[in-house]
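Peer 1: Sequence first, predicted model second:
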Amino acid sequence: MLIRDIKNCDYFKALDNTILCELLHPKKENEDLNINYSIAHAILKAGESSLPHRLKTSIEIYYILEGKGIMHIDDESEEVQPGQVIYIPANSKQYIENTAPNELKFLAMVYPMWQEEDEELV
């Protein structure tokens, strides 16, 4: 049985300026999970935004947990809030802004799993 707890996760600043903890990444586990996606917990501080970037071959799903913001995908922008799921197609220019006075927290799910060489700043 594999159970991850956010309280024990190591956070780092990602290429796109979000603070991330990889909750589940099959290439970084000691056991074979037989999955091809990854899940990270992401945080943006008040007034910050991620840097415009794209995942060249992977799709990404954001699930907003706390806070509010504006999601930008290519030429579209929409306000987002807790309980919403955002689909980000592969090779789309994307970034998210935190418009709330508190942290914006969300889950980022990537399929196929996130790989450094697949992400680029734009």
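Peer 2: Okay, I see it.
Peer 1: ok, how many other residues are close to N30?
Peer 2: 6 (other CB atoms under 10 Å). Where C-beta positions appear, they are placed from N, C-alpha and C, glycine not excepted.
Peer 1: Over to D10?
Peer 2: Neighbours of D10 under the rule other CB under 10 Å: 7.
Peer 1: Quick one: the helices in the chain, in order.
Peer 2: Listed in chain order, the helices of the chain (DSSP state H) amount to none at all.
Peer 1: mind listing what the residue most central in space within it touches?
Peer 2: With distances taken as CA atoms, centre = their mean, the residue of the chain nearest its centroid is A108 (3.1 Å). By CB atoms under 8 Å, 6 or more residues apart in numbering, the contact list for A108 reads 18, 20, 39-42, 60-62.
Peer 1: Tell me the one among those nearest to K93.
Peer 2: Minimum distance to K93 across those is 12.2 Å, recorded for E60 (CB to CB).
Peer 1: List the beta-bridge partners for the closest one.
Peer 2: In this structure, E60 has the following beta-bridge partners (DSSP bridges): I88, V110.
Peer 1: K56: how many residues sit nearby?
Peer 2: A total of 11 residues lie near K56 under the criterion other CB under 10 Å.
Peer 1: Over to I86?
Peer 2: Neighbouring residues of I86 were enumerated by other CB under 10 Å; the total is 17.
Peer 1: likewise I88?
Peer 2: A count of neighbours around I88, defined by other CB under 10 Å, yields 21.
Peer 1: likewise E22?
Peer 2: E22 has 20 neighbouring residues, counting by other CB under 10 Å.
Peer 1: isn't it right next to A40, touching?
Peer 2: Yes. In this structure, E22 is within contact of A40 by CB atoms under 8 Å, at 5.1 Å.
Peer 1: who touches both of the two?
Peer 2: For the pair E22 and A40, residues contacting each of them under the criterion CB under 8 Å, 6+ apart are W114.
Peer 1: measure the residue nearest to the centre of the chain to E22 for me?
Peer 2: 10 Å (CB to CB, to the nearest Å).
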